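**Student:** sequence unknown, structure follows:
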């Protein structure tokens, strides 16, 4: 049995040797690795860049036209990544100074290349032997597939950014690459252009003598980058020195920051919050095009050259990283409006504002723990600011947007708007703080009412603005009631004047003299105006100021023939019976009504079948007052005379009627009749006419009872439901915040003006649902308003950027417009997306070419360092700009050899893909790229050799 089993094993091994023979051409694992690299490269070469884009090549976020494809390769236990980088739409040119290029593009001037690196934590090859072997492997694979792509391997520590590389340039020539970096303690020699020049020359010079004595035609290109000082350093110049006598007091208060000027001190939002300057500074890039240098002395002269001698100046703004991203700690109108919307969401379902103060609501534990009410001192300070004594009435029409009426809020400087704006910042706009603030606000209003003190920020005259929110209408009407109440309190002197007039009346004065006395009674009458009433009649209305008790003091025994309260005859109109001139009376102003009062009357009219008579019933008091005044001004008048004056459309003249405009009447009275509705039996107007007493306007009871209406308004404010309060607050706060931003001076930026117009239209559309009694789709409406906060934040960011740019470039508006336009186009795709969903992987990177005329203005932005700033840095590099050394200096040295009469002639026909100078006559044999400052230096060297 044992012998038979051994025979089976032997036969099995022989079969395996026959079936699985070894191919000694691929015996080594490294040879199989080379074959795998070669196959991948052949595939990429066959497909081409355009096909690679279609197959999912990855776009580099740092560049506009650089893509890469990746393949994982395994050898033994190690896994490597091979990446192929290529450009598209670059017309075969390599832009050395384009910062959006890949790092190796800039270091070695290559256009397309391979990078192979291990898949490890460091991503670099730490072993020198492994790096050399890996690079040789890739070189053999590229040579097998006749590729001229350069290949690079990252080596050493990742912080050194070191690479070694190789490129096959044909059958006899090879180009080798090496890059390394000094992170600290740069030798003083290499801080200067002269030392860098000598370093480059040492790579090909045959002797170590002084290079300054030898002439080498070295081609040079240079780029210098300057950066403006940070604001904390730049603002040191703006700190005013305190007076000697006040120095001690300022020091005790921390006076170092008292006189520091913030960038947005004169911006309209500064009253409410300080905005971070979105423009942190600017980078100025000065570039010198290619020039030939023959000695180190010329390099020393170049280092002393002024940046104004550079061929090109490019300005790059450094914007705040918060400008195109969202941060929870960002403070602005948008963030506070979102908190106000959250308070609105909580307010539904709660009956009274006081419930939030006593925390007797659902989720009371959450309200008590997370919502803090500010101290009483803070509340007193805010109320004092709101009800400041002696505050002048603002101009409500100032800087209002053309679309502001579409949002039912209140004027920006009005009392309720200021309350809403203060609420945004009071207690971080939580519902409990708003409730406490509103209760104290209404208490303060009641004190003004009881003490007959005028309300600040509210006009006490004029019609009620029905385009505003209901609370603002109520406050405006209350201000008028307070004014009427003050006038009634001053009615004692007016009553004395009445007694004197009664004595004059008994003395038999003429009607014209009594009319003068009646005008003197009022004392403070507004200028006359002729309004149209609902029937088209005209009446002259003075300001009325009579106490209701004075009505009973009029001597009722006065002769009815005495004309009282006349404002003068009405053209050539005559009374039908007496043929005397028809006089227009002074009438009381129509009683003021807010929107809810109008709606209540409208509903009552709609519920009644007879709209004409029912409307007359609703207007009975005013109609009776006008009839009484007409009777007093025209003692011999009839109902028909009143209709001819008050409602001409209800008097129908016969076709044969005599022309009344002529002085002498051939036939009197004129033939005519009342309209059908006025002549109907039981007409309500005629009933009112019969019952109306003969009283001039100043003798009548006022149509508006200020005491009654004032108490109604206060009751409305004190019993207002939380959701009704918050709905009006949200609409008013949005409108006010937009109005404040709209006052910002940002020059003639068309895109910003267009965005502000769009914001108002968006607000009007979104907030329309909050301007009605919201009873359904509450959650959907709240989410819409939350999205509106996102839109508002986008616009707020653009406004701050526009304001900052305009302030910095008032004298060169083209620069501000160009920067803002570029950022607007960059930020536009983000504006319609919620900030929480936005991932801005690509940063805003703009390069603006400056003209010669703009250079001096930009140069002045680099203010010379003060003595306080100079000690911080030791200037060690040349090419200073107003005392500022470049933060980064980049230099490209190149050496070319004639290809026609040297050992490089055989390579002249090959595509090196590395240098813009390569042609049929010259080839770049040495290239060195240096980048760094006094504390940092990176050097990348490329050498072409003949193998």
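**Tutor:** Great, that's in hand. As the structure is a computational prediction, the values presented were derived from the model and not from experiment.
**Student:** what about the longest helix in this structure?
**Tutor:** helix 778-808 (DSSP state H).
**Student:** Excluding chain neighbours, give the residue nearest to residue 204 in space.
**Tutor:** In space, and not counting its chain neighbours, residue 204 is closest to residue 926: 5.4 Å by CB to CB, 6 or more residues apart in numbering. Yep, even glycine has a C-beta here, placed from its N, CA and C like the rest.
**Student:** Which strands border the host helix or strand of residue 585, and is each parallel or antiparallel?
**Tutor:** Per DSSP states H and E: residue 585 is located in strand 581-585. As defined by DSSP bridges, the strand partners of strand 581-585 come to strand 566-574 (antiparallel).
**Student:** what comes up buried for the partner strand?
**Tutor:** Residues 566, 567, 570, 573, 574 are the ones in strand 566-574 that count as buried (16 or more other CB atoms under 10 Å).
**Student:** Give me the distance between that strand and the centre of its chain.
**Tutor:** Relative to its parent chain, strand 566-574 has a centroid offset of 59 Å by CA atoms, centre = their mean, to the nearest Å.
**Student:** I'd like the mean pLDDT over it, please.
**Tutor:** Average pLDDT, strand 566-574: 90.
**Student:** Same check on stretch 74-89?
**Tutor:** For stretch 74-89, mean pLDDT is 88.
**Student:** Same check on stretch 844-858?
**Tutor:** The model assigns stretch 844-858 a mean pLDDT of 92.
**Student:** chain center to it, what's the gap?
**Tutor:** 25 Å.
**Student:** again, but for stretch 788-795
**Tutor:** 7 Å.
**Student:** I'd like the numbering to begin with 42 instead of 1 from here.
**Tutor:** Got it, first residue is 42 now, which makes that one stretch 829-836.
**Student:** Show me the contact partners of it.
**Tutor:** 367, 373-376, 378-379, 382, 775, 778-779, 782, 796-797, 800, 803-804, 807-808, 868, 871-872, 875-876 (CB atoms under 8 Å, 6 or more residues apart in numbering).
**Student:** Stretch 472-486 now?
**Tutor:** Here stretch 472-486 has contacts from 381, 384, 387-388, 394-398, 400, 408, 412-415, 420, 423-424, 427-428, 460, 463-464, 467-468, 496, 516, 519, 755, 758-759, 763, 766-767, 770, using CB under 8 Å, 6+ apart.
**Student:** same question, stretch 633-642
**Tutor:** Contacts for stretch 633-642 (CB under 8 Å, 6+ apart): 504, 505, 507, 511, 514, 515, 518, 521, 659, 745.
**Student:** so can I have JSON lines of those showing pLDDT?
**Tutor:** Listed next are the contacts of stretch 633-642 as JSON lines, based on pLDDT from 0 to 100:
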{"residue": "504", "pLDDT": "88"}
{"residue": "505", "pLDDT": "91"}
{"residue": "507", "pLDDT": "91"}
{"residue": "511", "pLDDT": "94"}
{"residue": "514", "pLDDT": "95"}
{"residue": "515", "pLDDT": "95"}
{"residue": "518", "pLDDT": "94"}
{"residue": "521", "pLDDT": "93"}
{"residue": "659", "pLDDT": "66"}
{"residue": "745", "pLDDT": "84"}
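**Student:** Give me the buried subset of those residues.
**Tutor:** 505, 511, 514, 515, 518, 521, 745.
**Student:** sorry, back to before: I'd like the average pLDDT over the longest helix of the chain.
**Tutor:** If you average the pLDDT values across helix 819-849, you get 94.
**Student:** before we move on, what about stretch 449-467?
**Tutor:** 94.
**Student:** Tell me, how many residues neighbour residue 256?
**Tutor:** Counted with other CB atoms under 10 Å, residues neighbouring residue 256 total 10.
**Student:** OK, contacts around it?
**Tutor:** So residue 256 contacts 335, 336 (CB under 8 Å, 6+ apart).
**Student:** Checking it next. Helix, strand or coil?
**Tutor:** coil (DSSP: H, G, I helix; E, B strand; the rest coil).
**Student:** Distance-wise, check it relative to residue 337.
**Tutor:** Using CB to CB, to the nearest Å, residue 256 is found at 10 Å from residue 337.
**Student:** ditto for residue 487
**Tutor:** 87 Å.
**Student:** Looking only at neighbour counts, state which of those two leads.
**Tutor:** Comparing residue 487 with residue 337 by other CB under 10 Å, the one with more neighbours is residue 337, at 23 against 16.
**Student:** Was I right to think the more buried one contacts residue 235?
**Tutor:** Yes: counting by CB atoms under 8 Å, residue 337 does reach residue 235; the two are 4.7 Å apart.
**Student:** Helix or strand: which one has residue 868?
**Tutor:** Counting by DSSP H and E, residue 868 is part of helix 854-868.
**Student:** Output the contacting helices and strands for the next helix or strand after that helix.
**Tutor:** Proceeding N to C from helix 854-868, the next assigned helix or strand is strand 889-890, under DSSP H and E. Where contact means 3 or more CB pairs under 8 Å, 6 or more residues apart in numbering; DSSP states H and E, strand 889-890 is packed against strand 353-360, helix 854-868.
**Student:** strand partners of strand 889-890, parallel vs antiparallel please.
**Tutor:** For strand 889-890, pairing defined by DSSP bridges yields strand 353-360 (antiparallel).
**Student:** Quick check: residue 239 vs residue 92, distance?
**Tutor:** For residue 239, the distance to residue 92 - CB to CB - is 48 Å.
**Student:** These two: which has the busier surroundings?
**Tutor:** A count of neighbours by other CB under 10 Å puts residue 239 above the other of residue 239 and residue 92, at 18 against 11.
**Student:** The more buried one against residue 338, yeah?
**Tutor:** No: using CB under 8 Å as the test, residue 239 is too far from residue 338 to be in contact (11.4 Å).
**Student:** So how do I select the buried members of the contacts of stretch 472-486 in PyMOL?
**Tutor:** The buried residues among the contacts of stretch 472-486 can be selected in PyMOL (16+ other CB under 10 Å) with this line:
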select buried, resi 381+384+387+388+394+396+397+408+412+414+415+420+423+424+427+428+460+463+464+467+468+496+516+519+755+758+759+763+766+767+770
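**Student:** The contacts of stretch 472-486 in helices, which ones?
**Tutor:** Those of the contacts of stretch 472-486 lying in helices (DSSP H): 381, 384, 387-388, 395-398, 408, 420, 423-424, 427, 460, 463-464, 516, 519, 755, 758-759, 763, 766-767, 770.
**Student:** In a markdown table: the helices and strands packed on strand 889-890, plus mean pLDDT, mean neighbour count and distance to residue 328.
**Tutor:** Shown next, in a markdown table, are those (pLDDT from 0 to 100; neighbours: other CB atoms under 10 Å; distance: least, CB to CB, whole Å):
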| stretch | mean pLDDT | mean neighbour count | distance to residue 328 |
| --- | --- | --- | --- |
| strand 353-360 | 94 | 19 | 5 |
| helix 854-868 | 93 | 18 | 18 |
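**Student:** can I get those in a markdown table with distance to residue 931?
**Tutor:** Output for those, formatted as a markdown table (distance: least, CB to CB, whole Å):
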| stretch | distance to residue 931 |
| --- | --- |
| strand 353-360 | 13 |
| helix 854-868 | 23 |
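**Student:** Could you point out which of these sits nearest residue 526?
**Tutor:** With CB to CB as the criterion, residue 526 lies closest to helix 854-868 of the helices and strands packed on strand 889-890, at 53.4 Å.
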